[in-house]
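> Build me a model:
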Amino acid sequence: MGNCCGTKISSDAISRTASPSGSRRRRSRSRRGAGLSASSSSRVSAATPTTVPRSEGDILQSANVRSFAFNELKTATRNFRPDSVLGEGGFGSVFKGWVDENTFVPTRPGTGMVIAVKKLNHEGFQGHREWLAEVNYLGQLSHPNLVRLVGYCLEDEQRLLVYEFMPRGSLENHLFRRGSHFQPLSWNLRMKVALGAAKGLAFLHSDKAKVIYRDFKTSNVLLDSNYNAKLSDFGLAKDGPTGDKSHVSTRVMGTYGYAAPEYLATGHLTAKSDVYSFGVVMLEMLSGRRALDKNRPSGEHNLVEWARPYLTNKRRIFRILDARLGGQFSLAGAQKAAALALQCLSGDSRNRPTMQQVVTALEQLQDAKVDTSHSHGRGFNGNGSSRRSGSAAPAPAANGVGRFARPRRLMMSPALPE
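Residues are numbered from 1 along each chain as shown. As a prediction, the model looks like this:
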């Protein structure tokens, strides 16, 4: 497949062009991504910015992915059988399917390439806009820490997205679900996931892409068979500011508990908004607690508010750490990770590091050889365990992602332009 370097489009342009009625008039183009292989390296790394808004047709034609017919995906997923559901979220349900890795023709279950098919399950302008944004960004951006978009389907009212299958499922499931299929992630694996996710965000913020992700959270971090992290769900992504602009003014959208305070207050979106969200996720990985959890005692519902006093005191760091980690890590390593999370969570966005600085800090943490014999004396489960982090790798998810209740998304300040 030849390089298809289309122009980038802002979400503002999407809002002007992405109407469901317009999509009905474009019934299932049979355009195919000729020669697209399972490991396609010909996808462009970034699109060329332009000041000319593109139409929906332009986005779909320039997307470097395959256009599937609805019946193809229906066959690949065995008619969207309930037992093939990988996960459910605000967009719709995700189904497991199989296609030939060269022709992308549906194959028998267990043969060919495994795919994940996300199917929009509701009508409405907002759903179509997020679907189109996903095609726009993932159809042109390629990076080891971004999930690969294989193709899409737009046929009558049907809107589907086809991704590479991520066998370990979401970071959310590994942190918060209980059961034999979701053993606690070790310290080293948590740091590996944090580094991979940070690299994905750093790429988006780079001059090659200039994209603000806007919805970074544990359910949008997916893991492959080797626990490599990849960012998914680009429905709320926005082109970053250009020229002498310092921010993008937009409606406040995202997920409660992860959005940066200045973005909530003003609607001014910057790359540092993503850095704050990364700090929240980093804190979730350190503590094993959700960003918002009303099942916790009073005063502990909001993770950032509860943990901040402990993060500022090196001697009290152990109070926030996940007890399931045991004694797998050094106290110095935990302190450095907590200090990095605290920097990302700074109330003043100017004091937050860039994502590239976060990547550098996490690489240094990974390079440091952890001597578990010098971990905190009691361990962090109270029994002085010194079990090495590699001794018990978590089991894979039973069906890739699993069902979960998504945190509520933010949709406020409608007066601001989207």
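> Surely S346 is in a strand?
No. Counting by DSSP: H, G, I helix; E, B strand; the rest coil, S346 is not part of a strand but coil.
> can you give me the strands in the stretch 51-200 of the chain?
Using DSSP state E, counting those that start in this stretch, the strands of the stretch 51-200 of the chain run over 66-67, 85-88, 92-99, 113-120, 149-155, 158-164, 169-170.
> by contact count, what packs against the last one?
It refers to strand 169-170. The elements that strand 169-170 packs onto, with contact taken as 3 or more Cβ pairs under 8 Å, 6 or more residues apart in numbering; DSSP states H and E, are strand 85-88, strand 221-223. In this view, the C-beta of every residue, glycine as well, is placed from N, C-alpha and C.
> now the second one
For strand 85-88, the contact count by 3+ Cβ pairs under 8 Å, 6+ apart identifies strand 92-99, strand 169-170 as packing neighbours.
> highest average neighbour count across the ones you listed?
strand 169-170 (a mean of 25; mean count of other Cβ atoms under 10 Å).
> State the number of residues packed around the nearest residue to T218 once chain neighbours are set aside.
Distances taken as Cβ to Cβ, 6 or more residues apart in numbering place E172 nearest to T218, at 3.8 Å, with adjacent residues excluded. Here the count is done by other Cβ atoms under 10 Å, and E172 has 23 residues near it.
> coming back round to it: can you tell me which of the strands of the stretch 51-200 of the chain the model trusts least?
Lowest mean pLDDT of these: strand 85-88, a mean of 87.
> Low-confidence regions, the protein specifically.
For the chain, the stretches with pLDDT under 70 are 1-55, 62, 90, 122-126, 180, 243-244, 369-418.
> What are the boundaries of the helices in it?
Under the criterion DSSP state H, the chain contains helices at 11-17, 20-24, 56-62, 70-76, 125-138, 171-176, 187-205, 261-266, 271-287, 303-311, 331-344, 355-367.
> Is it possible to get TSV of those helices that adds distance to D100?
As requested, those are exported to TSV (distance: least, Cβ to Cβ, whole Å):
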stretch	distance to D100
helix 11-17	32
helix 20-24	28
helix 56-62	23
helix 70-76	10
helix 125-138	22
helix 171-176	29
helix 187-205	29
helix 261-266	44
helix 271-287	36
helix 303-311	45
helix 331-344	43
helix 355-367	37
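> So this protein: which segments form each domain?
Residue ranges for the domains of the chain, per automatic domain parsing: 11-165, 169-410.
> about what we covered before: which of the helices of the chain sits closest to L160?
Among the helices of the chain, the nearest to L160 by Cβ to Cβ is helix 70-76 (5.7 Å).
> next one: the closest one to chain centre, how far?
Relative to its parent chain, helix 70-76 has a centroid offset of 26 Å by Cα atoms, centre = their mean, to the nearest Å.
> Go through it and flag the buried ones.
Buried positions in helix 70-76, judged by neighbour count with 16 or more other Cβ atoms under 10 Å: F70, E72, L73, K74, T75, A76.
> Among these, which one sits closest to S277?
Within those, the smallest distance to S277 is 31.5 Å, found for L73 (Cβ to Cβ).
> Now do the contacts for the closest one.
Neighbour list for L73: G97, P106, V117, C153, L160, V162 [criterion: Cβ atoms under 8 Å, 6 or more residues apart in numbering].
> For those, name the two members farthest from one another.
Spatial extent of the contacts of L73 (Cβ to Cβ) is set by the pair P106 and L160 at 13.4 Å.
> which parts of stretch 351-371 are buried?
Buried residues in stretch 351-371, counted by 16+ other Cβ under 10 Å: R352, P353, M355, Q357, V358, V359, A361, L362, L365, V370.
> For L138, give me its contacts.
Applying Cβ under 8 Å, 6+ apart to L138 gives the contacts V65, L146, V147, R148, L149, F234.
> Give the full set of residues in contact with V248.
I212, K238, D239, G240, P241, H268, L269, T270.
> Once you drop chain neighbours, what's closest to the fourth one?
By the measure of Cβ to Cβ, 6+ apart, the closest residue to G240 outside its immediate chain neighbours is K210, 4.3 Å from it.
> give me the number of residues near that neighbour?
Counted with other Cβ under 10 Å, K210 comes out at 18.
> for S206, same thing?
17.
> and it, how far is that from V221?
19 Å (Cβ to Cβ, to the nearest Å).
> Then E172?
Applying Cβ to Cβ to E172 and V221 gives a distance of 8 Å.
> one step back: make CSV out of the helices and strands packed on strand 85-88 and add distance to A260.
Converted to CSV, the helices and strands packed on strand 85-88 look like this (distance: least, Cβ to Cβ, whole Å):
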stretch, distance to A260
strand 92-99, 28
strand 169-170, 22
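> Out of these, flag the one nearest H181.
Between the helices and strands packed on strand 85-88, strand 169-170 lies closest to H181; by Cβ to Cβ that is 8.9 Å.
> Report the strands that pair with that closest one, each with its relative direction.
strand 221-223 (antiparallel) (DSSP bridges).
> chain center to the strand it pairs with: distance?
Distance, centroid of strand 221-223 to centroid of chain: 7 Å (Cα atoms, centre = their mean).
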